[in-house]
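J.: here's my sequence, what's the structure:
(chains A and B)
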Amino acid sequence: MQSAIMLSKKEKKLIKDIWERLTPVAEDIGSDALLRMFASYPGTKTYFSHLDISPGSSHLQSHGKKIVLAIAEGAKDISQLTVTLAPLQTLHAYQLRIDPTNFKLLSHCMLVTLACYLGEEFTPVAHAAMDKFLSAFAAVLAEKYR
Amino acid sequence: MVEWTEQERSIINNIFSNLDYDDIGPKALARCLIVYPWTQRYFASFGNLYNADAIKTNPNIAAHGTKVLHGLDRAVKNLDNIKATYAELSVLHSEKLHVDPDNFKLLADCLTIVIAAKLGNAFNPEVQATFQKFLAVVVSALGRQYH
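T.: Modelled structure (predicted):
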């Protein structure tokens, strides 16, 4: 199943560049987005009962880093998302079984993190491109659910 | 009825008392029209919305953005009665403006992002959660009178 993404060449490059820049601070970005999600949407914490997700915990940092690095990897070649995410698709569908509504919540918090981190640089055009990318990423991630 | 802690009231009042309405209002509305282009359907008479730059420099959009942001003042001043406070505005958006209430959330999200970009790390997870709670109540009140 091919997910249709309307991203221009310019938008793909914009997304790739942003995530490349954020890779060195993957831990900070990832843990920040997760903390925002836990604060605004407490139901999301139910998926982490086996971890210590308090601010600054090593679990939170490493988990945040993992997520950001996966997104950055996907951003390197957006046209290959389904191939790049195949192992993660299986993981989320058969093991994690996170309700896909939650992907929207994390995506939104990721956008807020980016806004705080990039400030004025997170222009409306960058925001639009990033929102589309994260939606597509989430859609691909949920492809094997049923 | 919505319950607000002292902390939450303080956070909300703080954000609005330090807000540059003429800057944030236009930015939030422009961003909404750019990120969710279908929302432009309500602004056909506003002039050139052809691309992001046109939208960002459109004076009609800017004026409207400021107006909409000031519309939130009433909620800030009436935190304990937002539903009643916006009953009339809800009717207006439904009967006269014919705005799909799903759009309220889109603008709310864009406003959140614009304020986040302005405040940086001061817009921490707790502040964000409180602000989003506030906006959710406003959005709900605005959609209440639709039938």
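J.: okay, CA-based contacts and neighbour counts for the rest of this
T.: Will do.
J.: wait, isn't residue B:137 in contact with residue B:84?
T.: No: taking contacts as C-alpha atoms under 8 Å, residue B:137 lies outside contact range of residue B:84: 11.6 Å.
J.: list the contacts of residue B:86.
T.: Contact partners of residue B:86, counting by C-alpha atoms under 8 Å, 6 or more residues apart in numbering or on different chains, are B:75, B:138, B:141-142.
J.: in strands, which of these fall?
T.: Counted as lying in strands by DSSP state E, out of the contacts of residue B:86, is not a single one.
J.: what residues does chain A put near chain B?
T.: Neighbours of chain B within chain A, by C-alpha under 8 Å from any C-alpha of the partner chain: A:35-37, A:39-40, A:111-113, A:115-120, A:122, A:124-125, A:127-128, A:131.
J.: can you select the buried ones from these in ChimeraX?
T.: In ChimeraX, a selection of the buried entries from the residues of chain A next to chain B looks like this (16 or more other C-alpha atoms under 10 Å in any protein chain shown):
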select /A:35,36,37,39,40,111,112,113,115,116,117,118,119,122,124,125,127,128,131
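J.: just to revisit the earlier point, any chance of TSV for the contacts of residue B:86, columns pLDDT, neighbour count and distance to residue B:102?
T.: Converted to TSV, these look like this (pLDDT from 0 to 100; neighbours: other C-alpha atoms under 10 Å in any protein chain shown; distance: C-alpha to C-alpha, whole Å):
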residue	pLDDT	neighbour count	distance to residue B:102
B:75	97	21	19
B:138	98	23	13
B:141	97	20	13
B:142	96	25	10
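J.: now, these that are in helices?
T.: B:75, B:138, B:141-142 (DSSP state H).
J.: mind listing what residue A:144 touches?
T.: Residue A:144 touches A:89-90, A:93, counting by C-alpha under 8 Å, 6+ apart.
J.: for residue B:46, same thing?
T.: B:60-61.
J.: residue B:20: how many residues sit nearby?
T.: 11 (other C-alpha atoms under 10 Å in any protein chain shown).
J.: mind checking how far it is from chain A?
T.: As defined by C-alpha to the nearest C-alpha, to the nearest Å, residue B:20 lies at a distance of 15 Å from chain A.
J.: likewise for residue B:97?
T.: 25 Å.
J.: do you know the pLDDT at that residue?
T.: We have a pLDDT of 92 for residue B:97.
J.: quick one, phi psi at it?
T.: In terms of degrees, to the nearest 10, the main-chain angles of residue B:97 are phi -90, psi -20.
J.: residue B:27 versus that one, what's the distance?
T.: 22 Å (C-alpha to C-alpha, to the nearest Å).
J.: coming back round to it: now the contacts of residue A:144 as CSV including secondary structure and distance to residue B:109?
T.: Listed next are those as CSV, based on DSSP: H, G, I helix; E, B strand; the rest coil; distance: C-alpha to C-alpha, whole Å:
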residue, secondary structure, distance to residue B:109
A:89, helix, 28
A:90, helix, 31
A:93, helix, 29
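J.: tell me the SS of the nearest residue to residue A:47 once chain neighbours are set aside?
T.: Distance criterion C-alpha to C-alpha, 6 or more residues apart in numbering or on different chains; nearest residue to residue A:47, sequence neighbours excluded, is residue A:98 at 7.5 Å. Here residue A:98 takes the coil state, with states given by DSSP: H, G, I helix; E, B strand; the rest coil.
J.: residue A:98 contacts residue A:91, doesn't it?
T.: No: contact criterion C-alpha under 8 Å: residue A:98 and residue A:91 do not qualify, at 10.0 Å.
J.: many thanks, I have nothing further to ask.
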